[in-house]
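J.: please find the sequence and the predicted model below.
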Amino acid sequence: MEHLVPLTRFGDIGNGIIWILAFFAVLVGLSGIVNLFRPIRALQRPTGYLLVLLAVVFLAGFAWIGWFHHQIYVRLPLALPANLAQFLNSHLQMMNQGADFGLPLYDAAAPPRYVLPLWLENEKYYFWFMCYALLALPAHFRMQHPRLRAALHILLAVQVGILFGAANPFADPLPNFFGAVEPWFTGNLSPAQRFGLFMQLYPKMIFYYNAEYMWFHPPLLFLSYACITVTFVTSVFMLVRREQEVEKMGYDHARLGFFLLTLGMLLGYPWALKAWRPNWWWDPKICSSIMMWAIYSTYLHTRLYAHKPFMWYFSSFLGILCFLAMIFTFISSFFFPGEHTFV
């Protein structure tokens, strides 16, 4: 695929970005460790500058992913010979009869192209952790609490470590996507084979890669995950010591995260009907998402009774439980078969 898409260039520059992120993350993590176990502040201003640099590098890497996806859009159309296009359209017309959501007919003048969202495969980890970095930055300047800052910094360093060691989107770009489309562009296919492969690629292009909901449903969920992570940190500190400012910051992020989570789940509903018809209700990830939403909602409602004895600690426990439910929800698609298994 190198002759069609600049994979090497994308990987070389992207890996450089990951190394820069890792360097800054190590410094931020070391600062976090120092401040977590010291009673006085240390390196607060330099760490603030490092967080700004981390956020800028994250955004630069995200823009680089956007450039790469644009190259895919420009260079990888699913073009068909004219005689095969006519046969395909007659086949699609028959398929679409009586269907609630049919496939668009093939336009030879404008062959279908991949409009890939920026959070596919390992890119989703990059986007998720970038959202957390962008939230940790104002949280750092908002709170004058060295140990809370330290915990936020250490979590950010751990996330960059995951990117560097296990989820680098630049090391092997979109292996599942390229594995599926490579035969189309590199194989010597007969007309029958090309038609069969097109009918494998085209529905997934329309209902998954190019679905308009892909630009709203996943990013809203990952933004909510970043908010939940901040709430988790504050909840841990609330168990140790009762500080109103810490609780308020956790609650503010919880409100935003709950709104984003609810909106993201609602926007997933029409997409699920379109892509999977009615057979999606018992998908493991959807069931676990509803469980997480219920825990999240309970956490927010406990604030109404914050004046009651021990409610402070119960609310903190729910904030931690919500984070654990988020982790379970995310990994459920890797271990339990369902409609989200391939996501």
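T.: Looks like it arrived, so ask away.
J.: which strand or helix spans the residue nearest the centre of the chain?
T.: The chain has Lys124 as the residue nearest its centroid, 3.5 Å off, counting by Cα atoms, centre = their mean. Assessed by DSSP states H and E, Lys124 sits inside helix 123-142.
J.: show me the contact partners of that helix.
T.: Applying Cβ atoms under 8 Å, 6 or more residues apart in numbering, the external contacts of helix 123-142 come out as 47-48, 51-52, 54-55, 58-59, 61-62, 65, 118-119, 149, 152-153, 155-156, 159-160, 162-163, 167, 169, 174, 218-219, 222-223, 225-227, 229-230, 249, 253. No exception for glycine: its C-beta is placed from N, CA and C like everyone else's.
J.: swap in stretch 231-242?
T.: Counting by Cβ under 8 Å, 6+ apart, 145, 147-148, 151-152, 155, 243, 246-247, 249-251, 253-254, 257, 299, 312-313, 315-320, 322-323 sit against stretch 231-242.
J.: buried ones among those residues?
T.: Neighbour counting with 16 or more other Cβ atoms under 10 Å marks 145, 147-148, 151-152, 155, 246-247, 249-251, 253-254, 257, 299, 312, 315-316, 318-320, 322-323 as buried within these.
J.: the nearest residue to Ile206 once chain neighbours are set aside in helix, strand or coil?
T.: Nearest residue to Ile206, sequence neighbours excluded (Cβ to Cβ, 6 or more residues apart in numbering): Leu103, at 5.8 Å. Of the three states, Leu103 takes coil under DSSP: H, G, I helix; E, B strand; the rest coil.
J.: circling back to that earlier point, any idea how far the residue nearest to the centre of the chain is from Tyr225?
T.: Applying Cβ to Cβ, to the nearest Å, the value for Lys124 to Tyr225 is 10 Å.
J.: now swap in Ala306 and tell me
T.: Using Cβ to Cβ, Ala306 is found at 25 Å from Tyr225.
J.: ok, those two, which is more surrounded?
T.: The neighbour comparison of Ala306 against Tyr225 (other Cβ atoms under 10 Å) goes to Tyr225, with 23 against 13.
J.: contacts only, for the more buried one.
T.: Contacts of Tyr225 (Cβ under 8 Å, 6+ apart): 128, 131-132, 257, 326, 330.
J.: for it, what is the enclosing helix or strand?
T.: Short version: Tyr225 belongs to helix 217-240, going by DSSP H and E.
J.: which SS class is the residue lying farthest from the centre of the chain?
T.: Using Cα atoms, centre = their mean, the residue of the chain lying farthest from its centre is Asn83. It sits 40.7 Å away. Using three-state DSSP, the structure places Asn83 in helix.
J.: any idea how far Arg194 is from it?
T.: As judged by Cβ to Cβ, Asn83 and Arg194 stand 11 Å apart.
J.: cool, Ala136 as well?
T.: According to Cβ to Cβ, Ala136 and Arg194 sit 49 Å apart.
J.: more neighbours, the two?
T.: Taking neighbours as other Cβ under 10 Å, Ala136 and Arg194 compare with Ala136 leading, 24 against 18.
J.: got a pLDDT number for that one?
T.: On the pLDDT scale, Ala136 is placed at 94.
J.: what does the one 4 residues further on give?
T.: At His140 the predicted local distance difference test score is 90.
J.: go on, Ile40?
T.: pLDDT recorded at Ile40 is 62.
J.: so the residue nearest to Ile206 makes contact with Met205?
T.: No: Leu103 is beyond contact range of Met205, at 9.4 Å (criterion: Cβ atoms under 8 Å).
J.: who touches both of the two?
T.: Counting by Cβ under 8 Å, 6+ apart, nothing touches both Leu103 and Met205.
J.: count residues in the vicinity of Val236, would you?
T.: Per other Cβ under 10 Å, the neighbour tally for Val236 reads 17.
J.: for the helix holding Tyr225, buried residues please.
T.: For helix 217-240, burial by neighbour count (16+ other Cβ under 10 Å) applies to 217-238.
J.: from the chain's centre, how far out does it sit?
T.: Remark: helix 217-240 is offset 14 Å from the chain centroid, using Cα atoms, centre = their mean, to the nearest Å.
J.: CA atoms only: put it into CSV for me.
T.: Only the C-alpha atoms of helix 217-240 are listed here, as CSV (Å, rounded to 0.1, in the frame of the first residue of the first chain):
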residue,chain,number,x,y,z
HIS,A,217,-21.1,9.0,19.1
PRO,A,218,-17.5,7.8,19.8
PRO,A,219,-15.8,11.2,20.5
LEU,A,220,-18.6,12.2,22.9
LEU,A,221,-18.0,9.0,24.8
PHE,A,222,-14.3,9.4,24.9
LEU,A,223,-14.7,13.0,26.1
SER,A,224,-16.9,11.7,28.9
TYR,A,225,-14.3,9.0,29.8
ALA,A,226,-11.8,11.8,30.2
CYS,A,227,-14.2,13.6,32.6
ILE,A,228,-14.8,10.4,34.5
THR,A,229,-11.1,10.0,35.0
VAL,A,230,-10.8,13.4,36.6
THR,A,231,-13.8,12.7,38.8
PHE,A,232,-12.1,9.4,39.8
VAL,A,233,-9.0,11.2,41.0
THR,A,234,-11.0,13.7,43.0
SER,A,235,-13.1,10.9,44.5
VAL,A,236,-10.0,9.1,45.7
PHE,A,237,-8.8,12.3,47.5
MET,A,238,-12.3,12.8,48.9
LEU,A,239,-12.0,9.4,50.7
VAL,A,240,-8.8,10.6,52.4
